[in-house]
Every structure is written in structure tokens, then in C-alpha cells.
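Participant: I would like to see how this sequence folds:
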Amino acid sequence: MDYSEKYVGSKAEFMKFMQEVMMRMASRSLTVEDGVIEFPEDVELEYKIKYDEDEEERKLSIKVCWPNPDAPVTEEDAEE
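Facilitator: Numbers count the residues shown, from 1 in each chain. Sure thing, here's the model as predicted:
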């Protein structure tokens, strides 16, 4: 499932938004479309920052990934 929220604002508003996101992540109260985002304590997170630009726009993306604890175990996982 994909969840997203979209915002538009000034650079100052964006910086304030990012500070709020970080505070919510730290206090375990980050939500997206009313779904609570729970970062695991016992697994490593994979995170990256990406920057793209073309003639029309520039994009900055921050991505964080971790295993879904509810995912079915595959044969490859079982061998590890």
C-alpha cells in the first residue's frame, strides 16, 4: 500500500515541516494519512538521499527502508 501527503510552501515552511517530521519520528508519533509510522529498534534502516534535475524541475528525495516484520518468510530468508 502507498500512502502520501502533499504540501506546498516556502523554503522556511519546508524547513519547519522537516523539523516537525524529525520530532515526530523521535517521539514515535509520525503519521501519513492517519497511519502511524513505526521505525523498528532491532533492525538496520537503509536510507538514501537522491537529487535529480532536468530542464523543468529539480527533485530531492529522502528514502528510508526496513524489512516488513509481517512479510512471509521466503526460502532464501530461511537459509540465512
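Participant: In terms of pLDDT, where does residue 69 sit?
Facilitator: Confidence at residue 69, expressed as pLDDT, is 84.
Participant: Could you list which residues are in contact with the residue lying closest to it once chain neighbours are set aside?
Facilitator: Take residue 69 and drop its neighbours on the chain: the residue closest to it by C-beta to C-beta, 6 or more residues apart in numbering is residue 40, 7.2 Å away. C-betas here are computed from N, CA, C, even on glycine. Residue 40 is in contact with 66-67, 69, counting by C-beta atoms under 8 Å, 6 or more residues apart in numbering.
Participant: I'd like the residues you listed as a markdown table, with distance to residue 26, secondary structure and neighbour count appended.
Facilitator: As requested, the contacts of residue 40 are arranged in a markdown table below (distance: C-beta to C-beta, whole Å; DSSP: H, G, I helix; E, B strand; the rest coil; neighbours: other C-beta atoms under 10 Å):
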| residue | distance to residue 26 | secondary structure | neighbour count |
| --- | --- | --- | --- |
| 66 | 16 | coil | 13 |
| 67 | 21 | coil | 12 |
| 69 | 21 | coil | 9 |
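Participant: got a list of what the residue nearest the centre of the chain touches?
Facilitator: In the chain, the centroid-proximal residue (C-alpha atoms, centre = their mean) is residue 64; its distance is 4.7 Å. Contacts for residue 64 (C-beta under 8 Å, 6+ apart) come out as 39, 45-47.
Participant: between those residues, which is closest to residue 25?
Facilitator: Residue 25 has its nearest neighbour among the contacts of residue 64 in residue 39, at 6.6 Å by C-beta to C-beta.
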